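# after the sequence you'll find the predicted model.
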Amino acid sequence: MSDDQKFQRGDVVRITADLGDSMRHFRSDAEAVVVGSYADQYGGHDRSSYTVMFTDDGSTCSWYYESQMGIVRRGGESEIQKLTAEREARESHERDLAWIAAHWHEIREVVPGASAEELMRRVGIANPWGSHGEGMAWYANWQQTFAAVDPILSASPTDPAAALAHLHLTQINVRIG
C-alpha cells in the first residue's frame, strides 16, 4: 500500500455508471472493495489501476482506473475478509452435487461458476481455465461439459438422486479440441 495512491486496500468504492466504450463489458454502477492497485499486487509504478471485489457477490475484476471510482468510505482488511468468507460459503453450497441436481431446472440457463467448475471437475477437466487462465478456455470447457451433463440432469427433474447416481456411475468423456 502506498500513501501516493488514491485508494487503499479495503476501501469501499462506487464504480461509475459510464466506463466508456473500451470498458463497456466491465461491471459498472456498482459498489466494490479495493483489493489493491497494480503496484500493490505486482510491483512497479502503476498506482492508478485497481483490482476490486464486488460487494454483492465477492467476485473480483481488474483493472479499473481511479477516475472510474469514487470513495464511499475508508475500510480495511475486514471488508475483504467478510466478502471472501461470504463468497466461499456460497460457492461451497453451489458446488454440492445434490444441490446442483435438485436446482438444475432453475439454474441451467445461468449456472453459477462454482457449480459449472464442479461439473467440469466431475467430467475430468481439472483446470477449466487452461494453462494461461483464459476465459475462452473456460467457456469452451463449459460448453463441452454442459452438452454432456445437461441431458442427464434434465432427465430427472423430480428425482435428483437418480441424476446423481447416473453422474456417479457414468463415465463421461469430454474432448476439448
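Nice, I can see it.
# low-confidence regions, this structure specifically.
1-3, 156-177 (pLDDT under 70).
# could you pull out the strands for it?
12-15, 31-37, 49-54, 60-65, 69-73 (DSSP state E).
# residues contacting the second one, please?
Contacting residues not belonging to strand 31-37 are listed as 1-2, 5, 7-15, 41, 46-56, 60, 69, 72, 75, 79-80, 83 [C-beta atoms under 8 Å, 6 or more residues apart in numbering]. For glycine as for every other residue, the C-beta is placed from the backbone atoms N, C-alpha and C.
# what residues of it count as buried?
Buried residues in strand 31-37, counting neighbours by 16 or more other C-beta atoms under 10 Å, are found at A32, V33, V34, V35, G36, S37.
# swap in the shortest one?
Of the residues in strand 12-15, those buried by neighbour count under the rule 16+ other C-beta under 10 Å are V12, V13, I15.
# closest to G133 out of these?
Within the buried residues of strand 12-15, the smallest distance to G133 is 22.9 Å, found for I15 (C-beta to C-beta).
# distance check, the closest one against W142.
26 Å (C-beta to C-beta, to the nearest Å).
# list the contacts for the residue positioned nearest the centre of the chain?
When the chain is reduced to its mean C-alpha position, the nearest residue by C-alpha atoms, centre = their mean turns out to be S59, at 5.1 Å. Listed by C-beta under 8 Å, 6+ apart, the contact set of S59 reads M53, R87.
# how close does it get to R27?
Separation of S59 from R27 (C-beta to C-beta): 9 Å.
# and what of H105?
According to C-beta to C-beta, H105 stands 27 Å off from R27.
# higher neighbour count, the two?
R27 (15 against 11; other C-beta atoms under 10 Å).
# relative to A102, how far out is the more buried one?
Distance, R27 to A102, by C-beta to C-beta: 29 Å.
# what's the lengthiest helix in the chain packed up against?
In terms of residue count, the longest helix belonging to the chain (DSSP state H) is helix 135-155. If you count contacts as 3 or more C-beta pairs under 8 Å, 6 or more residues apart in numbering; DSSP states H and E, helix 135-155 packs onto helix 97-107, helix 113-122, helix 160-169.
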